[in-house]
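Asker: When you get a sec, could you give me coordinates for this:
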Amino acid sequence: MKRSASKGEQPETSNIFQRLSPRARVREWMFARLPRSDQLTLTQGNVYILPSRAGWAMLATLIVLLIAAINYQLNLGYLLTFLLAGSAAASMVVGHGNLRGLQLSLGGAGTQGSTSGGCFAHAPCPMHISLHNARRSRRWGIGLALHKTRHNTDHSDAWTWVDIPEQGSTSVQLSFMPTRRGRQELPAISILTRYPLGAFRVWALWRPQTLVWVYPAPEIHAPPLPAASPEAGGRSSAQVRSGEEFDGVRSYQTGDPLKLVVWKKAAQSFAAGSHQLVSRDRPMAHHHRLWLDARHTGLADHEARLSRLAAWVLMAQQQGRTWGLRLPGGQEIAPASGVQHTTRCLEALAACP
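Answerer: Numbering: from 1, shown residues only. Okay, here's the model as predicted:
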């Protein structure tokens, strides 16, 4: 029984590979042999060149001109034919040299800002690429785009064209659309030039090594944050608010009232050059915590709960709140605040099974 099941369950990737055209199979074979690296220097070993459509048309034209010159014994026909053929051959060398020696490096991937480089599912995820030209002549007409494969078909025709100055650098930003959450590999990049005549297509492939966190897509119209719940053994909020009791001091957090700041210690901190504020810690801060719990989302679908939790995390960060996170699998992240805490919560949501 197991033997028959193993015969019937062929890997899906092999079936897809068999349905590909010969040209697509060659592309997949070349793509699989590429090593991953965040920096790439184009050399003779990784730059490829073939005639373009205009090049094949030019070749057909040269053949017709040569046959006509031979048939009618036209010296000017010979001259024109060999002049065009020599120009095409020279353009092949110039075009290959336009890419050879170019240095590419990945500057980062993901939305720069509060999430420290991650991006959200079903939203554009930018890739920042730097191109450096070490030679003393300008590089013309360099195009970059996401390499089209059976795993990635989004934005594959969106080419970005730049000219790189002599002994200078140029930055390029490409974007792809991740469809699932988790820690994922970046798509491969195609580098192309048709300089100078367009008769030859000179290209190279690059597979970045960096992995990017793709967070769950936040719910668009998420409900407000849940209310902070008192912890066991803590005094009620009415008892806390009725007095001016404090448990001690703690680091200043965004959203703390100015009356809680210990200005005496703040003055000492400013004099020392540390610029760190200290706030009085109310008992309510210890006994009332904001927990973003998956059980409180009111949703049955697993991905929908993660999307709502992601929206709540962003909402709590924007409001400067201190919160903890409880995931569906029982994992718990202690209450905190700040960009690092937000990133940690979003990564936990992305990796949630």
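Asker: For this structure, give me the ranges with low pLDDT.
Answerer: Counting by pLDDT under 70, the chain has low-confidence residues at 1-20, 111-117, 148-157, 230-256, 275, 281-288.
Asker: Can you find which helix in it contains the most residues?
Answerer: When the chain is parsed with DSSP state H, its longest helix is helix 75-99.
Asker: just the strands in the stretch 51-200 of the chain please.
Answerer: Secondary structure of the stretch 51-200 of the chain, counting by DSSP state E, counting those that start in this stretch: strands at 103-109, 119-120, 125-133, 139-146, 160-164, 168-176, 182-185, 189-193, 200-206.
Asker: Could I get the buried residue list for the longest helix of the chain?
Answerer: Residues of helix 75-99 classed as buried: 77, 80-81, 84, 88, 91-92, 94-96, 98-99 (neighbour count, 16 or more other Cβ atoms under 10 Å). All C-beta atoms are positioned from the backbone trio N, CA, C, and that covers glycine.
Asker: Please produce CSV containing those residues, extended by distance to Pro224.
Answerer: Formatted as CSV, these follow (distance: Cβ to Cβ, whole Å):
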residue, distance to Pro224
Gly77, 81
Leu80, 77
Thr81, 77
Leu84, 72
Ala88, 67
Ser91, 64
Met92, 64
Val94, 63
Gly95, 59
His96, 60
Asn98, 57
Leu99, 54
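Asker: of all these, which comes closest to Trp323?
Answerer: Nearest to Trp323, judged by Cβ to Cβ, of the buried residues of helix 75-99 is Leu99 at 50.3 Å.
Asker: What residues does Leu40 make contact with?
Answerer: Applying Cβ atoms under 8 Å, 6 or more residues apart in numbering to Leu40 gives the contacts 46, 103-105, 204, 206.
Asker: Quick check: the gap between Asp293 and Trp312.
Answerer: For Asp293, the distance to Trp312 equals 10 Å [Cβ to Cβ, to the nearest Å].
Asker: Find the residues that touch each one of the two.
Answerer: Shared contacts of Asp293 and Trp312 (Cβ under 8 Å, 6+ apart): Pro226.
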